[in-house]
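Asker: need coordinates for the following:
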Amino acid sequence: MYRSQILRKSLPLFLIIWSICAYGQSGTFLTGTIKEESGGLLAGASIVIKGTSTGVTADEKGFFRIGLKKAGSYTIEISAVGFISQTQVVNLAAGQESNITFLLKSNVKEMNEVTVHGKGEAQELREQGFSVNAIDTRKLANTTADLGQVLNRSTGIKMREQGGVGSDFEFSINGLSGKSVKLFLDGVPLDVLGSAMNLNNIPINLAQRIEVYKGVAPVELGSDALGGSVNIITNKSLDSYLDVSHSYGSFQTHQSALTGQYVYKPAGLVLKASTFFNYSKNNYLMKGVEIWDGEKYEYVTRDFRRFHDRYKSLMGQLEIGLVNKKWADLLFLGFGYTTYDKQVQTGVRQSIIYGGVVKDGTGKNVSLRYKKDSLLNNRLSIGLYGTYSYDQYVLSDTTLRKYSWDGSYVPGNPETGSFRMTQVNRPRLFTRFNGNYNLAENHDLNLNYTFDQVENQTYNSLSSSRDDMPGKLGKHIIGLAYQMKLTPKWTNTFMSKYYGIALNKKQYDYSLSKTVVLRDFQNYFGYGWASVYKLNNNSGVKASYEHTYRLQDVNEVYGDGYQVLNNMTLKPEASDNVNMGGFYGGNNGRQEWFVEASAFYRSAKGFIYANQYDNNQLQYQNLSNVLVKGFDAEARYNYGNLFNALLNVTYQQALDNTRFVNNSGNGAVSATYKNRIPNQPWLFGNLDLGVGKNLRYAGSGRLQFTWSTQYTHYYYRSWEGFATANSLATIPKQLVHNVMLSYSMAKGRYNASLECRNLTDQLVYDNFRLQKPGRAIFFKLRFFII
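Answerer: Model prediction:
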């Protein structure tokens, strides 16, 4: 009944949109190819429209494409490292798409210099009214790091893992973590694509750019994020290419990735494919763990390797579609498959060891996406995305044993508390509409609607073949944004959001002696504002505010079948978020610099927090009030393509802001009032240094050395009022160094890199004081073919 009502209400909207698409017009685009004077393709060149801040970077084949709101005459400036800049006037008619080839002459004298004439997409994002980090991952393509490790070096971000490759993790932005932070792949929620898709197993080569919105996020993402959003952007080139890589390293770790596409331009036909494979035994050394010594009749500390922590995962994604048609800029049909097999060594505490618990799962999805710009006299742009996915996993615990770190065991109860083979099935329907309408010059309206429904089926397959009491969770999110540019320097965005959540759960009513369906539907409204004022082309100040809600997640409400307990009384959390900051950049010959800093404030009500129990399990609960405040800053410096440096620091306080016990409004003051929230780092920073040299005699090769350092101050695993800085309830301060040497040939076509993580083999802790791997060495080969 509920689904049929949604379909009936949504059908007229889709019919209207389809009618508009049928009468669409072609857009106005500036496209072209950048080449060397000798005829070779020139990747990475900057293309900027003079008199504006609009600019792009040519892809690996020298191709670029810029969408323009109106026809007219434009002055284009093209620049690249080691080449003489070029300026050209281009006249474009309405509905025209250019195809211009630009030839740049070499400038040997400036071969090691960088002249900045335009801004890439990453820099443009940093200068928006939103507090945003933009990471250009193309510069990191040769590293063996995954997306999570790259993000962990960004300002305001902390990713805490429970172990090695494929382990569970907690991801936080400015002190808010867990499901308060939403993860996207090209604007699609990452968990829609399958439970095998995680930040700590997606190779860096699958991404072209990462956008991190801290606090306030654009409505076009269509999310209920409370603490921020991460959007992973893949390669949008319309040329054929193939990117293949494989790495091997410590703990028998293999990681392979392939992404590419074939484009038949006469027909506008595109075939895209991407896949990755991860395998690791994760058998790193656990230092100083306790084990029972029968001879001494006491617990002693020893070093032992992890023995039940193997992880492997596989992802495959295939899309076929059409581009640059009169009725569609793109139309793609996609198919996806993910699978993983994961041994579980510990829970949230390493004093309880598993030796027979295994989790494995698969996910399948089919998707359709459509985009059309320049409708209604070049004023309207629309995008549609829909997917149906089926995700399932099984947790097996059929051993009657109690293990120790040396691999020995004694007879006992099942390790997770009960004899089980838990089956979890989650069919899911996700749809999204996004439309942008240009009301007038410097005035734009954006509308986004997202519907996300997931069903939860959990049962013990040893005793049952299905879940007789399934649950269902549906979300409706509507966002409306109005952007106006009051002056060439001042831009404001006003936002409003509607949040609706429907919970359905079958339950046996003993008083009625029958099964009943419990239904609950709740509505919430949010609003926000983001503003940026440009002092000049390279500096400005910005601020943003929002009153927002974060709806419950299916895992938080229904549990995960083994480590997370269900909580049907859980409520959404609300927050008032404020960001204020500024940025300053500039260049002088070969030198380039950029500095940005921001302060943040979060006041969350009904904060959803993972409470840890002594039986090694978690339950999500509403901790009445949480106050987060702090600041972060980052400075970047480049000296041509010879040297680069990055330094960032984050200070944050996430405090329990509930004054009275049980939030009663009076009576006894809570013992944890104004205490820091447990298991939350509050002071951390990163330093990255790089030195490189172009090698002209090696077929346009490059040798690059990178050093990175991460510092995390000590923080409390439990409430700080019940702990001291020297107790086991504290996670000690950590200083970790990583180094990498990479070598590229033939303009980046052939690449090899050697990387050492945790160079000094420090004892490193992370989430809930769980030990992480010590020193590890990895080697990677990468081929990029155009």
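
Asker: list the contacts for G156?
Answerer: Contacts were defined as C-beta atoms under 8 Å, 6 or more residues apart in numbering; by that measure G156 touches 133, 173-174, 212, 214, 600, 632, 650, 652. Using the backbone N, CA and C atoms, a C-beta is placed for each residue, glycine as well.

Asker: just put the residues you listed in JSON lines and tack on distance to S250 and pLDDT.
Answerer: Converted to JSON lines, those look like this (distance: C-beta to C-beta, whole Å; pLDDT from 0 to 100):
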{"residue": "N133", "distance to S250": "29", "pLDDT": "83"}
{"residue": "I173", "distance to S250": "30", "pLDDT": "87"}
{"residue": "N174", "distance to S250": "33", "pLDDT": "84"}
{"residue": "V212", "distance to S250": "29", "pLDDT": "89"}
{"residue": "K214", "distance to S250": "33", "pLDDT": "87"}
{"residue": "F600", "distance to S250": "37", "pLDDT": "94"}
{"residue": "D632", "distance to S250": "32", "pLDDT": "94"}
{"residue": "T650", "distance to S250": "29", "pLDDT": "96"}
{"residue": "Q652", "distance to S250": "32", "pLDDT": "93"}
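
Asker: in strands, which of those residues fall?
Answerer: Residues of these located in strands (DSSP state E): 133, 173, 212, 214, 600, 632, 650, 652.

Asker: thought V132 was touching the third one, still the case?
Answerer: Yes. In this structure V212 lies within contact range of V132 using C-beta atoms under 8 Å: 6.3 Å.

Asker: still on that earlier bit, what's the closest of the contacts of G156 to Y262?
Answerer: V212 (31.7 Å; C-beta to C-beta).

Asker: find the nearest non-adjacent residue to the closest one, please.
Answerer: N133 (4.0 Å; C-beta to C-beta, 6 or more residues apart in numbering).

Asker: would you map the strands across the stretch 101-250 of the chain?
Answerer: 132-136, 157-161, 169-173, 176-177, 181-185, 188-189, 209-214, 228-233, 241-249 (DSSP state E, counting those that start in this stretch).

Asker: want to try TSV for the ones you listed, with mean neighbour count and distance to F525 as columns?
Answerer: TSV is the format used below for these (neighbours: other C-beta atoms under 10 Å; distance: least, C-beta to C-beta, whole Å):
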stretch	mean neighbour count	distance to F525
strand 132-136	22	25
strand 157-161	23	29
strand 169-173	22	24
strand 176-177	26	21
strand 181-185	22	19
strand 188-189	21	22
strand 209-214	24	21
strand 228-233	25	20
strand 241-249	18	44
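
Asker: weakest of the ones you listed by average pLDDT?
Answerer: Of all the strands of the stretch 101-250 of the chain, strand 176-177 carries the lowest average pLDDT, namely a mean of 78.

Asker: and that strand, what other elements does it pack with?
Answerer: Judged by 3 or more C-beta pairs under 8 Å, 6 or more residues apart in numbering; DSSP states H and E, strand 176-177 has no packing partners among the helices and strands.

Asker: and that strand, how far out from the chain middle?
Answerer: Relative to its parent chain, strand 176-177 has a centroid offset of 13 Å by C-alpha atoms, centre = their mean, to the nearest Å.

Asker: closest to H476 out of the strands of the stretch 101-250 of the chain?
Answerer: strand 188-189 (14.6 Å).

Asker: give me the helices and strands touching that closest one, please.
Answerer: Helices and strands touching strand 188-189, by 3+ C-beta pairs under 8 Å, 6+ apart, are strand 420-440.

Asker: next secondary structure element downstream of the strand it packs on?
Answerer: Toward the C-terminus, strand 420-440 is succeeded by strand 443-460 as the next helix or strand (DSSP states H and E).

Asker: circling back: which of the contacts of G156 lies closest to L741?
Answerer: Among those, and counting by C-beta to C-beta, the member closest to L741 is N133, at 26.3 Å.

Asker: ok, that closest one - contacts?
Answerer: N133 touches 126, 154-157, 210-212, 214, counting by C-beta under 8 Å, 6+ apart.

Asker: returning to that earlier point: for N425, which of the strands of the stretch 101-250 of the chain is the nearest?
Answerer: strand 188-189 (18.5 Å).

Asker: tell me the gap between the closest one and the middle of its chain.
Answerer: For strand 188-189, the distance to the chain centre is 10 Å (C-alpha atoms, centre = their mean).

Asker: ok, it: who's next to it in the sheet?
Answerer: strand 181-185 (antiparallel) (DSSP bridges).

Asker: low-confidence ranges in the stretch 51-200 of the chain?
Answerer: Within the stretch 51-200 of the chain, the segments meeting pLDDT under 70 span 51-54, 60-61, 69-70, 81-82, 94-98, 106-127.
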